[in-house]
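> Sequence and predicted structure below; questions after.
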There are 2 protein chains.
Amino acid sequence: MTKMKADPERRSGCPLNASVEMLGDRWSLLVIRDMMLRGYQTFHEFLHSDEKISTNILADRLRRLEEYGIISSQTDSFDGRKVIYSLTPKGIDLAPVLTEMVLWAARHEETGNQPLVREMRRDKDQLIASVRQRWAQKHKSLVG
Amino acid sequence: MTKMKADPERRSGCPLNASVEMLGDRWSLLVIRDMMLRGYQTFHEFLHSDEKISTNILADRLRRLEEYGIISSQTDSFDGRKVIYSLTPKGIDLAPVLTEMVLWAARHEETGNQPLVREMRRDKDQLIASVRQRWAQKHKSLVG
DNA sequence: CTTTTAACTTGCATTTTGCAAGTAACGTTG
DNA sequence: CAACGTTACTTGCAAAATGCAAGTTAAAAG
């Protein structure tokens, strides 16, 4: 587990503040959700997600998430136009954060995607494990 | 557990999106941290937290968090100038979200407050339980 | 009273967001 | 191989959010 140097411009040393400075905006966690739970990998796919992010913001968020080491990118070897984005281990490690945020909203708001919520409620750790597994599967060619 | 009506202007029905629309900014979760982990209750206390929020933004965030039902406010009965802010059950229920965000940052960034991090790592559920307990203690006069 | 404290509000400059319209590189089709 | 479609962006500009400094109001303390 490689730690990065703390950004010298952080407002404070509090770990929650670090999280909030990296992820505290309207879009970053939605992009991560798309990658983690829906398997999205391209600009085009993120763009057509329900929340309708605009192109300049999406480009900016992908850039920032990559800078933070949460995602990585590489051009598709079969189609030179496509850029394939994937979660790094640091990004995959956000699964528990996403899970708790989903469960919290589902408990206190009227929300959709009840099947996912039920699955998360039934066995949180199991779901997180399977997200990790799918990710490892996808990356085994690069690792082994 | 009372659910609110979904905000008709939500960008999507996804529960993660709901969370992000309520909490996805640079400050909201820090205010909640101050209340949950540090026992802060007043405007003045939030204002002098490490991250140095400015007065207009703080006022706005407190207003929004109250609208969302995450916190509540009442004027202090001993000092009419003071407004006492406290977490609602919905707010206290964010404990697992905060915990996972703290642990994630602590795993991947250089951050401070290691005692808190160690305590969270040692027993996540225990810490969340004790946050709930302290909160219940503080509110027992209102409940019982 | 006068001063201090607490919780804001207001004004204004800066930054971020969001929409619409490009553009450049690659791939596909005829 | 030329025209066209796709993919991943960038650019321009208006609108909204943020941040700083300086008020303002009401209550408490001296």
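Cool, the structure landed.
> low-confidence ranges in chain A?
When residues are selected by pLDDT under 70, those of chain A lie in A:1-8, A:141-144.
> and the residue of it nearest DNA strand C?
Among all residues of chain A, residue A:80 sits closest to DNA strand C, at 2.7 Å; criterion: C-beta to the nearest atom of the strand. Every residue, glycine included, has its C-beta placed from N, CA and C.
> burial of that residue, as a residue count?
By other C-beta atoms under 10 Å in any protein chain shown, 8 other residues sit near residue A:80.
> Quick one: residues contacting the residue positioned nearest the centre of chain A.
Nearest to the mean C-alpha position of chain A, by C-alpha atoms, centre = their mean, lies residue A:32 at 1.9 Å. With contact set as C-beta atoms under 8 Å, 6 or more residues apart in numbering or on different chains, residue A:32 has these partners: A:23, A:65, A:70, A:71, A:87, A:91, A:94, A:98.
> Stretch A:37-56 spans what distance, first to last residue?
Taking C-alpha to C-alpha, to the nearest Å, stretch A:37-56 runs 23 Å from one end to the other.
> Please see if that stretch touches DNA strand D.
Yes - Stretch A:37-56 lies within reach of DNA strand D by C-beta under 7 Å from any atom of the strand, at A:42, A:43, A:44, A:45, A:55, A:56.
> pretty sure the second one is touching residue A:63, no?
No - the pair residue A:43 and residue A:63 fails to qualify as a contact (C-beta atoms under 8 Å) at a distance of 11.6 Å.
> Between those two, tell me which one has more neighbours.
Remark: of residue A:43 and residue A:63, residue A:43 carries more neighbours, 18 against 12, as counted by other C-beta under 10 Å.
> picking that back up, sort out for me which of the contacts of residue A:32 are in strands.
Residues of the contacts of residue A:32 located in strands (DSSP state E): A:71, A:87.
> okay, the contacts of residue A:32 in JSON lines with neighbour count next?
As requested, the contacts of residue A:32 are exported to JSON lines (neighbours: other C-beta atoms under 10 Å in any protein chain shown):
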{"residue": "A:23", "neighbour count": "23"}
{"residue": "A:65", "neighbour count": "25"}
{"residue": "A:70", "neighbour count": "23"}
{"residue": "A:71", "neighbour count": "22"}
{"residue": "A:87", "neighbour count": "22"}
{"residue": "A:91", "neighbour count": "23"}
{"residue": "A:94", "neighbour count": "26"}
{"residue": "A:98", "neighbour count": "23"}
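> and the contacts of residue A:32 near DNA strand D, which?
Filtering the contacts of residue A:32 for proximity to DNA strand D by C-beta under 7 Å from any atom of the strand leaves nothing.
> now the contacts of residue A:32 as CSV including distance to chain B?
Shown next, in CSV, are the contacts of residue A:32 (distance: C-beta to the nearest C-beta, whole Å):
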residue, distance to chain B
A:23, 8
A:65, 13
A:70, 9
A:71, 13
A:87, 13
A:91, 10
A:94, 6
A:98, 6
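> Pick out whichever of the contacts of residue A:32 sits closest to residue B:75.
residue A:23 (34.7 Å; C-beta to C-beta).
> With that, I have no additional questions.
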